[in-house]
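> Everything below, folded, please.
(chains A and B)
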Amino acid sequence: MLWNSFIPLFASTIDGYRGREASIPEVQETLLQQEQGLLFGDLLRREQKKIYRVAYRMTGNHDDAEDLIQETVLDALKSFPYFQPGTHFDRWFLRILTNNFIDQTRRRAKVRFISIDQQTASRQGAAGMEFPDSTRDPQQVVEDEIMDEGIQEALNRLPEEFRAVVVLSDIEGCSYEDISQILRCPIGTVRSRLHRGRNQLIKLLRGHEYLGRDVK
Amino acid sequence: MRCGKVRHQLSGYMDGVLELKRCLKVDEHLQRCSHCRLALEDLRAVKRLLNRAPSPIARAGFWDGLCSQMGRRPPALSRSFRELLRLPQVRIPALAAGAIAIVFGIAVLGSSLLGGREKQLLSAPMLSDLARYGVSQPLNDPGALNYIHAQSNMSSLDSPVVFVSDNQ
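Numbers count the residues shown, from 1 in each chain, chains lettered A, B, ... in the order given. Next comes the predicted model:
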């Protein structure tokens, strides 16, 4: 806490230092950093749907998904100089996001209180769901929303490692090799976690009547 | 192949990642085991459900707000304090400032301690004695300071102490 109070002082020191002695390498460095920031923003924009989908399915709600993405963006920006252009930005970013998600979940208390008013909280705003077929009748929309809530509830009850693998495989359609790279674990581990995660989901979803049409 | 072993490989079988040899064995087992066939159907149903799940949409302005920060603020300014200290343009002035602060602190503390002791020892007769020898600021005069120390140490013996000023 004490250190943090000195940060603005030193940040202003750097500004002042740069203002007095703006050497060519320093200017180049600043320009490079700005350029990298813009490039990072462009890449993020391209993958935003996928990133949000993964973050939402892992955390289970819009507020936590936004927080997770914001934290991941800060971490990813710091590591962006090490990102190799031409490689998969989405996999690289999802690796950081998944690690952050698992760390966050482990850090938090095991018992978590969820407010009934959470859905109407201030940040909820215009966040929502995008169904593939927009021409469906309203009753179908409601049924699909209820079904999706059931799926998300079941996902939320999976251990974080299993949830991450299931989301990446069955929602994002990532291959075992991709998941292995994202999570930095052997393919055998991916296969085992996926198997166990899916079987837990079957048990959890079997109790829901409205899912009876899909899970026997 | 037994049901337990087959069940463990059903996920991989469904995803088409099993080796050919194992795949054929699972195939063979499924043809004669209805329980494992049902288990495979459950797995397919779950995968289908998740695959059809709708895409969540972020609230309006979330991505705009996030991306508008990119490229404006150099990432260097958002570095942690430890990272900042590693920069030579911060580390050297910080070390110099720290050293100056320590030296200044020691000097101030030392002078206040020394001056404070002599002030306590200095009495009215001593001041008048010193004034006779033309010493107006005894605390700044090394000879006067010696005189004050000697006078206070010898006061118990009732013997006179002769003041020898450096000015003389």
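> And for B:Val46, the neighbour number?
27 (other CB atoms under 10 Å in any protein chain shown). C-betas here are computed from N, CA, C, even on glycine.
> In terms of helices and strands, where is it?
In the assignment (DSSP states H and E), B:Val46 maps to helix B:34-51.
> by contact count, what packs against that helix?
On a contact count with 3 or more CB pairs under 8 Å, 6 or more residues apart in numbering or on different chains; DSSP states H and E, helix B:34-51 meets helix A:138-156, helix A:187-206, helix B:3-15, helix B:20-32.
> go again using 7 Å as the cut-off
Contacts defined by 3 or more CB pairs under 7 Å, 6 or more residues apart in numbering or on different chains; DSSP states H and E place helix B:34-51 against helix A:187-206, helix B:3-15, helix B:20-32.
> most neighbours per residue, which of those?
Highest mean neighbour count of the helices and strands packed on helix B:34-51: helix A:187-206, a mean of 20 (counted as mean count of other CB atoms under 10 Å in any protein chain shown).
> Extract the CA atoms of that one and return them as PDB.
The C-alpha trace of helix A:187-206 is given here as PDB (Å, rounded to 0.1, in the frame of the first residue of the first chain):
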ATOM      1  CA  ILE A 187      -3.600 -33.900 -24.500                       C
ATOM      2  CA  GLY A 188      -4.200 -36.900 -22.200                       C
ATOM      3  CA  THR A 189      -5.200 -34.500 -19.400                       C
ATOM      4  CA  VAL A 190      -7.500 -32.600 -21.800                       C
ATOM      5  CA  ARG A 191      -9.200 -35.900 -22.800                       C
ATOM      6  CA  SER A 192      -9.600 -37.000 -19.200                       C
ATOM      7  CA  ARG A 193     -11.000 -33.700 -18.000                       C
ATOM      8  CA  LEU A 194     -13.300 -33.500 -20.900                       C
ATOM      9  CA  HIS A 195     -14.600 -36.900 -20.300                       C
ATOM     10  CA  ARG A 196     -15.200 -36.300 -16.600                       C
ATOM     11  CA  GLY A 197     -16.600 -32.800 -17.200                       C
ATOM     12  CA  ARG A 198     -19.200 -34.100 -19.800                       C
ATOM     13  CA  ASN A 199     -20.200 -37.000 -17.500                       C
ATOM     14  CA  GLN A 200     -20.700 -34.600 -14.600                       C
ATOM     15  CA  LEU A 201     -22.800 -32.400 -16.900                       C
ATOM     16  CA  ILE A 202     -25.000 -35.400 -17.900                       C
ATOM     17  CA  LYS A 203     -25.700 -36.100 -14.300                       C
ATOM     18  CA  LEU A 204     -26.500 -32.400 -13.500                       C
ATOM     19  CA  LEU A 205     -28.700 -31.900 -16.600                       C
ATOM     20  CA  ARG A 206     -30.600 -35.200 -16.200                       C
END
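> Quick check: mean pLDDT of that helix?
For helix A:187-206, mean pLDDT rounds to 92.
> about what we covered before: mean confidence (pLDDT) on the helix or strand that comes right after the helix holding B:Val46, please.
Using DSSP H and E, the next helix or strand after helix B:34-51 towards the C-terminus is strand B:55-57. Averaged over strand B:55-57, pLDDT sits at 88.
> mind listing what strand B:55-57 pairs with, with the direction of each?
strand A:128-130 (antiparallel) (DSSP bridges).
> show me where pLDDT drops low in chain A?
Scanning chain A with the threshold set as pLDDT under 70 gives A:1-32, A:109-127, A:129-136, A:207-216.
> Would you point out the helix or strand in chain B whose mean pLDDT is lowest?
Using mean pLDDT, DSSP states H and E, the weakest-scoring helix or strand in chain B turns out to be helix B:81-86, at a mean of 70.
> related to what we said a few turns ago, what's the closest of the helices and strands packed on helix B:34-51 to B:Ser128?
For B:Ser128, the closest of those is helix A:187-206, at 92.8 Å, according to CB to CB.
> what packs against the closest one?
The contact analysis (3+ CB pairs under 7 Å, 6+ apart) places helix A:187-206 against helix A:138-156, helix A:160-166, helix A:176-183, helix B:3-15, helix B:34-51.
> now the ones you listed in TSV, with distance to B:Ser68?
As requested, the helices and strands packed on helix A:187-206 are exported to TSV (distance: least, CB to CB, whole Å):
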stretch	distance to B:Ser68
helix A:138-156	30
helix A:160-166	29
helix A:176-183	28
helix B:3-15	40
helix B:34-51	33
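> Need the winner for burial among those.
helix A:160-166 (a mean of 23).
> got the CA positions of that one in PDB?
This file holds the C-alpha atoms of helix A:160-166, laid out as PDB (Å, rounded to 0.1, in the frame of the first residue of the first chain):
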ATOM      1  CA  GLU A 160     -13.000 -24.800 -13.000                       C
ATOM      2  CA  GLU A 161     -10.500 -27.000 -14.800                       C
ATOM      3  CA  PHE A 162     -13.300 -29.200 -16.200                       C
ATOM      4  CA  ARG A 163     -15.400 -26.200 -17.000                       C
ATOM      5  CA  ALA A 164     -12.600 -24.500 -19.000                       C
ATOM      6  CA  VAL A 165     -12.100 -27.700 -21.100                       C
ATOM      7  CA  VAL A 166     -15.800 -28.200 -21.700                       C
END
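> contacting residues around that helix?
Residues outside helix A:160-166 that contact it (CB atoms under 7 Å, 6 or more residues apart in numbering or on different chains) are A:58, A:98, A:101-102, A:105, A:155, A:158, A:179, A:183, A:190, A:193-194, A:196-198, A:200-201.
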